[in-house]
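Q: give me a model of this one.
(chains A, B and C)
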Amino acid sequence: MNFQIPIGPQHPALKEPISLRMTVDGEVITDVDIRLGYNHRGLEKLAEEKTWLQNIYLTERICGICSHSHSSCFVQGVEKLMELTPPRRGLYIRYLVSELERVHSHLLWLGVAGHEAGFDSFFMYTWRDREVVMDLLEMISGNRVHYAMNTLGGVRRDLDEGQKARILEGVAILRKRSEYYFHIGASEPSFVARIAGVGLLSKEQAVSLCAVGPVARASGVARDVRKEDPYAVYDELDFELCTADTCDVLGRVVVRVKELLQSYRMIEQMVKGLPDGDIVVKAPRKAKPGEVVSRYEAPRGENIHYIKANGSDKPERLKVRAPTLGNYAATLVMLRKGFIADIPLIFAAIDPCICCAERTVTLVKAGSGEESVVRMSDLRRRAIARHQNAPVKRNAVWPL
Amino acid sequence: MAVVRTVLYLVVYPGLLFLFVYSTFCEWFDRKVYARFQNRMGPTHTGRFGVLQPIADFFKLMAKEDVVPDAADKRLFSVLPVIGLAVVSTAGLLLPVWNFDLANPGWTSFSGDIIVILYLLSLPTLILFLAAWSSTNLFSTIGGARVLTMLFGYEVPLFLAVLSPAILADSWRLAEIAAFYQAKPLLLLTNILGFFIALVAVQAKLERTPFDIPHAETEIVGGTFTEYSGKKLALFRLTFDIEMVVASGLLAAVFLGGFPGGAVVGFIHFVVKTLFIIFLLSLLRALTSRIRIDQVVSFAWKYLAPLAVLQLLATILLKGLIT
Amino acid sequence: MKIAAFLPELLRHLFKKPATVDYPFKKLEVPKDFRGTPFLNPDMCIVCRACERDCPAEAIEITSVNEAEKRFRMIIHNDRCIHCAQCVDSCPTTPKAMQIDSLFEIASDDRHKLKKDWVYVRAVLKPKAPAPAAPPPAAEPKI
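A: The predicted structure follows:
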């Protein structure tokens, strides 16, 4: 039996729409074709019409789980353009929220991996513990998702002693639970049988296909923006870079849990060593002309924002390269030669944040390969015309 | 008069209406226990403690739109849920809880009824495969193939495990097997290994985690049930619930000493023992994650089948020792 | 590889209280400084329009009702609001004219019911000694 299965755009394994068309032979996948663009919102164009301050909130909403990473990456870049030096206390608070977000994202991912494998009890437990982090973030920033802590020149809210104590308590609870999940994830036989040896990506492949984040680190590639190019406070903190050697989904689970434990260490260091002072400096309304590339280690990998300013109060161009976009090429290689039963796990193991990665779509003419960029209104008009002119076929095999 | 009594027997107790009410109660129990294992609440507000939730789900599904795909084989597609329900309800009639009087058996207790009940419980698997095949949907086809592949794995251990106590009791009639173990309760302990094998095999038959591969939600959408909706889906789900009750009843009759004590006390035994087995099945469901289809077959043939043969050998040796 | 490594934890949970909060029969407390919905304190508003300018979602609209009396009308479109509280940060008065409350159960079946408006006369602030009141991170308001 050699046929094509459509995984997506709507599928229970996916949290966001993406189309993976698999050609299968029995239960083994022979080829994968990936189609993006179902969640394109025109964010880069919208960013050109909002001021620098308004764009912080816009970039935050590129994604829900890694919202603070996009916002911080953007703000880092703009502060460079405006030549601002935020005060140390502000930077500590900003990256404290970053590490808390990393904790929340990895706990969410552990639950999702469990659910994709059918291990629902694990899913419920990790998400119950994630509530501890969400409550901490709500206490610090006023909201559980979309923390809106960043502003040009620092952060908007301060931490007091009571909040600091609560953070340390929460981290102590979470550390115990995370070590228990590490133990379970690595020793529950049915779960390990599902994730060991699945989704192999060798070290050379990871480097040549530019995989980022835990996907690359699980294949032994020791790259982390916090270590290579430490921004703000990371050169003062003491933490290790987590890698694994197994190059499969089990390695990715191990890397993420190790990163959780390192994040707890960093959070404790940041809370205990929080310097005194202001949390923000005043920022100008306009930015001097220039361009900046800002790198940030999001929970999913390296996040790159390119910002170009032309002297006005709005950006000239914002380009977002989300980490998941870098991992797509590696996913195609991982999916080939796998089983159908492994599709959700392999895909979930890259921690897909598909809406982060939706950027401009170009039309490619099938015959000549010529590319063009078309406006949405034109696309819509073309689709309606095509649908009206197409003959209605009964009992047709619809192309997927 | 006898006709009226038979019709009441078939429709009310222990027929369709009783099976409907009891199986929805068992589904509630399963969901509540599963939720408590996961530190959640389970159904809470429909009826007291959420007891009416499965009944509410059934009626909701009955009221939804029923879509039959264009390319499907319509007659086969529509009639299969009804056949499935009929098959498992018939299997339910053979449980030894309502024909407790050995001297006066009635027409639902006869020599060989343990084989008939096992056969009737295997039919739903074939019905699922036919349902998948007649849906002509890619996901259903894969689900149907997986259903049959799993059948190769768990059917043999289940049969061997269930037939071992029958061999020890020297009878093929469920009521007699139950009576044998009621007379000599200590011999129940010799079947412990068979009990656990049968539990795992029943979990596979009922397609629950770790064996819910044929309708794995995150992989193939709904498997065999992808195209079913509305009334047909309601009947399929009811079929699975009743199958759970009947399989637990079978295990309770063979491994836990049956349902002694007449009409009322026997019924209480039935309820307690089937709920105990459903508790164990829920525990197994919460404990593990789903495994792959090739791993099921290799697990069944590497571990379950040899252990079941071991149990059978032990039973035969013991029988030789006793007589 | 241990079979049933998870078992003791599962059995323990049978006897623990569920972690679910039985909403809406029991409610959760929100923390202090929770960002709910914005509202105006009309006595303090000097109509500097900083909130209108800085709102990322264009949810604040200030129009002039009567030029002579300096009467203005502010509409907050709560259906557009993204609850970021930038309007509160941009507001330069002390105490702030723009504030945020803790309401989060604001769902409605018609988005026009979510809009709130105030009609007021522009406040005149008495000049005070330059106090180190928390300055907004945005630029100076233009009156």
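Q: C-alpha only now, for contacts and for neighbours.
A: Fine.
Q: where along chain C do the helices fall?
A: Secondary structure of chain C by DSSP state H: the helices cover C:7-14, C:50-54, C:86-90.
Q: what residues of the last one count as buried?
A: Looking back up the chat, that one is helix C:86-90. For helix C:86-90, the neighbour count (16 or more other Cα atoms under 10 Å in any protein chain shown) marks C:86, C:87, C:88, C:89, C:90 as buried.
Q: tell me the one of these nearest chain B?
A: Distances from chain B to those, taken as Cα to the nearest Cα, are shortest for residue C:86 (37.3 Å).
Q: out of the helices of chain C, the one nearest chain A is which?
A: helix C:50-54 (6.4 Å).
Q: is the closest one up against chain A anywhere?
A: Yes. For helix C:50-54 and chain A, the contact criterion (Cα under 8 Å from any Cα of the partner chain) is met by residue C:54.
Q: now do that helix, average pLDDT.
A: Across helix C:50-54, pLDDT averages out at 90.
Q: with stretch A:272-292 instead?
A: 90.
Q: report the buried residues of it.
A: Neighbour-count burial for stretch A:272-292 flags A:274, A:279, A:280, A:281, A:282, A:283, A:284, A:285, A:286, A:287, A:291, A:292 (criterion: 16+ other Cα under 10 Å).
Q: ok, which pair from these is furthest apart?
A: The two members of those with the most space between them (Cα to Cα) are A:274 and A:291, at 31.8 Å.
Q: quick one on the thing from earlier: which ones among the buried residues of helix C:86-90 also lie next to chain A?
A: When Cα under 8 Å from any Cα is taken as the criterion, no member of these contacts chain A.
Q: tell me which of those is nearest to residue B:35?
A: Closest to residue B:35, out of all of these and judged by Cα to Cα, is residue C:86, at 41.5 Å.
Q: list the contacts of the closest one.
A: With contact taken as Cα atoms under 8 Å, 6 or more residues apart in numbering or on different chains, residue C:86 is in contact with C:51, C:54, C:55.
Q: got it, and residue B:129?
A: Contacts of residue B:129 (Cα under 8 Å, 6+ apart): B:143, B:144, B:145, B:147, B:148, B:224.
Q: quick one: buried ones out of these?
A: Among these, those buried by neighbour count (16+ other Cα under 10 Å) are B:143, B:144, B:145, B:147, B:224.
Q: switch those residues over to a markdown table; also include pLDDT, secondary structure and distance to residue B:266.
A: What follows is the buried ones among the contacts of residue B:129, written out as a markdown table (pLDDT from 0 to 100; DSSP: H, G, I helix; E, B strand; the rest coil; distance: Cα to Cα, whole Å):
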| residue | pLDDT | secondary structure | distance to residue B:266 |
| --- | --- | --- | --- |
| B:143 | 84 | helix | 39 |
| B:144 | 86 | helix | 39 |
| B:145 | 85 | helix | 41 |
| B:147 | 87 | helix | 35 |
| B:224 | 82 | helix | 37 |
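Q: tell me which of those is nearest to chain A?
A: Using Cα to the nearest Cα, the buried ones among the contacts of residue B:129 come closest to chain A at residue B:145, 9.4 Å.
Q: look up the closest residue to the closest one, ignoring the ones flanking it.
A: Distances taken as Cα to Cα, 6 or more residues apart in numbering or on different chains place residue B:129 nearest to residue B:145, at 7.3 Å, with adjacent residues excluded.
Q: in what helix or strand does that neighbour lie?
A: Per DSSP states H and E: residue B:129 is located in helix B:113-135.
Q: model confidence for residue C:141, exactly?
A: 43.
Q: name the SS class of residue A:297, please.
A: Using DSSP: H, G, I helix; E, B strand; the rest coil, the structure places residue A:297 in strand.
Q: and the closest residue to it other than its chain neighbours, how far is that from residue A:240?
A: Of all residues not flanking residue A:297 in the chain, residue A:225 sits nearest, at 5.5 Å (Cα to Cα, 6+ apart). Going from residue A:225 to residue A:240 by Cα to Cα, to the nearest Å gives 12 Å.
Q: looking at those two, which has the bigger crowd around it?
A: Shown here are residue A:225 and residue A:240; by other Cα atoms under 10 Å in any protein chain shown, residue A:225 has more neighbours (17 against 12).
Q: low-confidence ranges, the stretch 201-323 of chain B, go.
A: B:216-220 (pLDDT under 70).
Q: how is chain A divided into domains?
A: A:3-38+A:336-344+A:351-388, A:43-324 (automatic domain parsing).
Q: on that earlier part again, nearest to residue B:50, of the buried ones among the contacts of residue B:129?
A: Using Cα to Cα, those come closest to residue B:50 at residue B:224, 28.6 Å.
Q: my read: that closest one touches residue B:143, true?
A: Yes. At 5.2 Å, residue B:224 and residue B:143 qualify as touching, with contact defined as Cα atoms under 8 Å.
Q: please enumerate the shared neighbours of the two.
A: If you check residue B:224 and residue B:143 against Cα under 8 Å, 6+ apart, the residues they both contact are B:129, B:132, B:214, B:215.
Q: residues contacting residue 51?
A: Picked chain A for this. A:313, A:314, A:315.
Q: sorry, I should have been clearer: chain C.
A: Going by Cα under 8 Å, 6+ apart, the list of residues near residue C:51 reads C:60, C:86, C:87, C:88, C:90, C:91.
Q: ok, it to chain B distance?
A: 43 Å (Cα to the nearest Cα, to the nearest Å).
Q: ok, for the closest residue to chain C within the stretch 51-200 of chain A, nearest residue in space, not its chain neighbours?
A: Distances between the stretch 51-200 of chain A and chain C by Cα to the nearest Cα are smallest at residue A:142, namely 4.0 Å. In space, residue A:142 comes closest to residue C:34 once its chain neighbours are excluded; the distance is 4.0 Å by Cα to Cα, 6+ apart.
Q: can you report how many residues neighbour residue A:10?
A: 14.
Q: got it, and residue B:1?
A: There are 6 residues near residue B:1, going by other Cα under 10 Å.
Q: same check on residue B:265?
A: Counted with other Cα under 10 Å, residue B:265 comes out at 12.
Q: list the contacts for it?
A: Contacts of residue B:265 by Cα under 8 Å, 6+ apart are residue B:259.
Q: with the one 10 residues further on instead?
A: Contacts here follow Cα under 8 Å, 6+ apart; on that basis residue B:275 touches B:26, B:29.
Q: swap in 10 Å and give it another go.
A: B:25, B:26, B:29, B:30, B:245, B:248, B:249, B:252, B:269, B:281 (Cα atoms under 10 Å, 6 or more residues apart in numbering or on different chains).
Q: which single one of the residues you listed is nearest to residue A:70?
A: Checking the contacts of residue B:275 against residue A:70 with Cα to Cα, the nearest one is residue B:30 at 43.5 Å.
Q: secondary structure element for the closest one?
A: With DSSP H and E as the test, residue B:30 turns up in helix B:16-37.
Q: thought the residue of the stretch 51-200 of chain A closest to chain C was touching residue A:158?
A: No. With contact defined as Cα atoms under 10 Å, residue A:142 does not count as touching residue A:158 (11.6 Å).
Q: before we move on, back to that, so which of the contacts of residue A:51 reach chain B?
A: Among the contacts of residue A:51, no residue lies close to chain B (Cα under 10 Å from any Cα of the partner chain).
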